[in-house]
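Student: have a look at this prediction, sequence included:
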Amino acid sequence: MATVADPAVTARAPRRPRSPVLHFIFRLFREKPLGAAGAVVFVLFLFCGIFADVLAPYGMNQIAPLKRLRPPSLDFPFGTDNLGRDMLSRCLYGAQLSVIIGFCGAGLATVFSTLIGIVSGYLGGRFDLVLQRFVDAWMSFPALIVLIVVVSVVGPGMPQIIATLGLLFGIGGSRIIRSAVVSVRENMYVHAAQSTGASTFRVLWRHILPNVLPPVIVLFTTNVGGVILAESGLAFLGLGVPPPAPTWGGLLSDSGRTYMLQGPWLALAPGLCLTVVVYATNMFGDALRDLLDPRMRGSR
Amino acid sequence: MQAYVIRRLLALIPTLFFASVIVFVTVRMIPGDVIDLMLSQNDIAASKMGREQLEKALGFDTPMWIQYGKWIGSILLHGDFGKSLWQNTPVGEYLTQRLPITFELGLMALIVGLLVAIPIGVYSAVRQDTPGDYVARSFSILMLAVPSFWLGTMVMVFPSIWWGWSPEIKFVPFSENPLQNLSQMIIPAIILGCSLSAITMRLTRTMMLEVLRQDYIRTAWAKGANEKLVVSRHALRNALIPVVTLIGLQAPLLIGGAVIMEKIFVIPGMGLLLLDAVSQRDYPVITGVFLIVGVAVMMINLVVDLSYGLLDPKVRYR
């Protein structure tokens, strides 16, 4: 993602021999320490998710009936649940699911936002007007309600949930891309390209898209947190990825709520994971926004 | 002002139309025939009726656009949302029962949110870059990340472990016992309000900071007004105008959050109605709730926009 900041960064510090990626990371740590901390947690979360199979001390669904409802200890840092499954391992596998859902969902959403935003913002006119009324209508439905309704029709499952989240966040986020496109559209280089007879597709692809990439990247980062949170809300209501898959929201509602009085740690651990990851993602997203796209400051 | 109201109302028509299409299409056009699903999984409704009866009850026996026309026509003309597949009760009856409860919860959460957000936001701006400001800002960013369903669960767990206290589960309507009803609703309202307050707090702070740098504030200081007067009379009034818009933007979050709170605290509002309908695949109820929620959010936004026009002279005369 830092390669995108390339032109701006090198323009500001042309003589610096350092690679633009490193320079961007340096700027992040120097100017936005809290955002950098968020980035570290974010990377750690990614790492846990990708290597969950290696990191988890026990299997995802490894049952140990004799060790049920053990409070946190050295053997089981997060305790065990009602079937004696290790909560740490389950939270790690939960991170894996969150990574998959967060990245696929946010990626899909960003693609949708960019497509809708670019087309609507660039073409303008009546098309834009009608499409924006549609977006208005779409945005007046609470995300969670749309998710519940869609899942009630298509049934719970990872692909459906990712697709719905992608569509949901995608249409909502298209506003941000659209407003960026509207301001880019009036630039001289766009008019120049148009007057040399470049096709609409070429203008969009070569001239508009590269110039709205900063908000696109920021949108992706903020979407990751939002998507993860939305999925856990859904899982908490029992409509997420079906058990025994250990999503954080699911962990909280299954064993967490049923056995909360015997084992309060069961409700504590997944919620903490969720809060820390979403907090870190928000901080990282805010810092990215400030560094890459100062215009969007305070838009959330 | 009149032109503004008319323009705003006209813009509502296409949006409402699209909303109804979204509701209709979401429930009907999704891959995988709903009826097949209902029959194959031996749903309660499916076991009572045959395939044809089900198709008829859901109106699937006619082309799509006729189905839409019938559906929206009976809602607009007769206020008829169809009947529940499960209990044969008109969906409209459910909606009129449940809507006020969710509305009450949402309103209480909104009030709590504003009561938390505005004073802290103002304090944070007036004492910019002091430790108090940092604490307030960290709190607001944290509240953005803490999922309300987790907070709700924690409120159920820890007080009952520590003090043996747990929230009342049996719901009492406001008309029966207002005091008990409010004491039941206040905890979910506080949780919901706190998570909403984060954004409001940030916006209040930003707007206050902007307004406090204006010339008229300097004039107010120069003529010797004290801080209380400058902040409350001159600054806050102007800073709060954009905060009003935020209420409209937060309406979907408020209703979405209400669903979760209703589930945790067993409050029989729209959210619980939707979840029950989903578990029984009661499509007329699902469609009804879906539509009403969307329309409610639009109406809230309409009211917000109109009151914004009243509050802000710049909008009024445009």
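Tutor: Yes, it's here.
Student: residues of the stretch 151-300 of chain A that sit close to chain B?
Tutor: Contact residues, the stretch 151-300 of chain A versus chain B (Cβ under 8 Å from any Cβ of the partner chain): A:151-155, A:225, A:229, A:232-233, A:236-237, A:239, A:249, A:252-253, A:256-257, A:260-261, A:264, A:267-268, A:270-271, A:274-276, A:278-279, A:282-283, A:298, A:300. C-beta: built from backbone N, CA, C; applies to glycine.
Student: number of nearby residues for residue 120?
Tutor: I'll assume chain A. Residues lying near residue A:120 (other Cβ atoms under 10 Å in any protein chain shown) number 24.
Student: oops, I was thinking of chain B
Tutor: For residue B:120, the count of nearby residues is 22 (other Cβ under 10 Å).
Student: confirm that it lies within a helix, as I assumed.
Tutor: Yes: checked against DSSP: H, G, I helix; E, B strand; the rest coil, residue B:120 lies within a helix.
Student: dump the residue contacts of residue B:303.
Tutor: Taking Cβ atoms under 8 Å, 6 or more residues apart in numbering or on different chains, we find residue B:303 in contact with residue B:248.
Student: what about it, helix or strand, and which?
Tutor: Per DSSP states H and E, residue B:303 falls inside helix B:283-311.
Student: buried sites along that helix?
Tutor: For helix B:283-311, a neighbour-count test (16 or more other Cβ atoms under 10 Å in any protein chain shown) marks B:283-298, B:300-302, B:304-306, B:308-309, B:311 as buried.
Student: measure how far that helix is from the centre of its chain, please.
Tutor: On the basis of Cα atoms, centre = their mean, to the nearest Å, helix B:283-311 sits 9 Å off its chain's mean C-alpha point.
Student: out of everything not next to it in sequence, what's closest to residue A:274?
Tutor: Distances taken as Cβ to Cβ, 6 or more residues apart in numbering or on different chains place residue A:248 nearest to residue A:274, at 4.8 Å, with adjacent residues excluded.
Student: chain A next: which of the buried residues of helix B:283-311 are close?
Tutor: B:286, B:289-290, B:293-295, B:297-298, B:301.
Student: farthest-separated two in the residues you listed?
Tutor: Longest distance between any two of those is 23.2 Å, between B:286 and B:301; criterion Cβ to Cβ.
Student: put the buried members of the residues of the stretch 151-300 of chain A next to chain B into a PyMOL selection.
Tutor: Only the buried members of those enter the following PyMOL selection, criterion being 16+ other Cβ under 10 Å:
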select buried, chain A and resi 151+152+153+154+225+229+232+233+236+237+239+249+252+253+256+257+260+264+267+268+270+271+274+275+278+279+282+283
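Student: in helices, which of the residues of the stretch 151-300 of chain A next to chain B fall?
Tutor: Using DSSP state H, A:151-154, A:225, A:229, A:232-233, A:236, A:249, A:257, A:267-268, A:270-271, A:274-276, A:278-279, A:282-283 are the members of these that sit in helices.
Student: how about the residues of the stretch 1-150 of chain A by chain B?
Tutor: The stretch 1-150 of chain A has residues A:130, A:133-134, A:136-146, A:148-150 near chain B, with proximity defined as Cβ under 8 Å from any Cβ.
Student: could you flag which of those are buried?
Tutor: Buried residues within the residues of the stretch 1-150 of chain A next to chain B, defined by neighbour count using 16+ other Cβ under 10 Å: A:133-134, A:136-146, A:148-150.
Student: now, the most widely separated pair of these?
Tutor: The span of these, defined through Cβ to Cβ, is set by A:133 and A:148 at 24.4 Å.
Student: check contacts around the nearest residue to residue B:304 once chain neighbours are set aside.
Tutor: Of all residues beyond its chain neighbours, the one nearest residue B:304 is residue B:248 (3.5 Å), with distances taken as Cβ to Cβ, 6+ apart. Residues near residue B:248 by Cβ under 8 Å, 6+ apart: B:300-301, B:303-305.
Student: and which of those is nearest to residue B:233?
Tutor: Residue B:233 lies nearest to residue B:304 out of the contacts of residue B:248, by Cβ to Cβ, at 23.9 Å.
Student: my read: the closest one touches residue B:242, true?
Tutor: No: with contact defined as Cβ atoms under 8 Å, residue B:304 does not reach residue B:242; the gap is 11.2 Å.
Student: what residues does the one residue in the stretch 151-300 of chain B that gets nearest to chain A make contact with?
Tutor: With Cβ to the nearest Cβ, the shortest gap between the stretch 151-300 of chain B and chain A falls at residue B:256, namely 3.5 Å. Going by Cβ under 8 Å, 6+ apart, residue B:256 touches A:142-145, A:233.
Student: where does pLDDT dip in the chain?
Tutor: No chain specified, so I'll use chain A. Scanning chain A for pLDDT under 70 picks out A:1-18, A:60, A:62-69, A:74, A:82-84, A:255-256, A:293-300.
Student: not what I meant, chain B
Tutor: Low-confidence segments of chain B, defined by pLDDT under 70: B:1, B:29-51, B:54-55, B:57-61, B:86, B:168, B:313-318.
Student: ok, residues contacting stretch B:131-146?
Tutor: Counting contacts by Cβ under 8 Å, 6+ apart, the residues touching stretch B:131-146 from outside are A:225, A:271, A:275-276, A:278-279, A:282-283, B:117, B:120-121, B:123-125, B:127, B:194-195, B:197-199, B:201-202, B:205.
Student: again, but for stretch B:222-242
Tutor: When contacts are defined by Cβ under 8 Å, 6+ apart, stretch B:222-242 is touched by residues B:118, B:122, B:125-126, B:203-204, B:207-208, B:210-212, B:214, B:216-217, B:220-221, B:308, B:311-312.
Student: before we move on, the earlier item: return the residues in contact with the residue nearest to residue A:274.
Tutor: Residue A:248 makes contact with A:91, A:94-95, A:97-98, A:232, A:235, A:270-271, A:273-274 under the criterion Cβ under 8 Å, 6+ apart.
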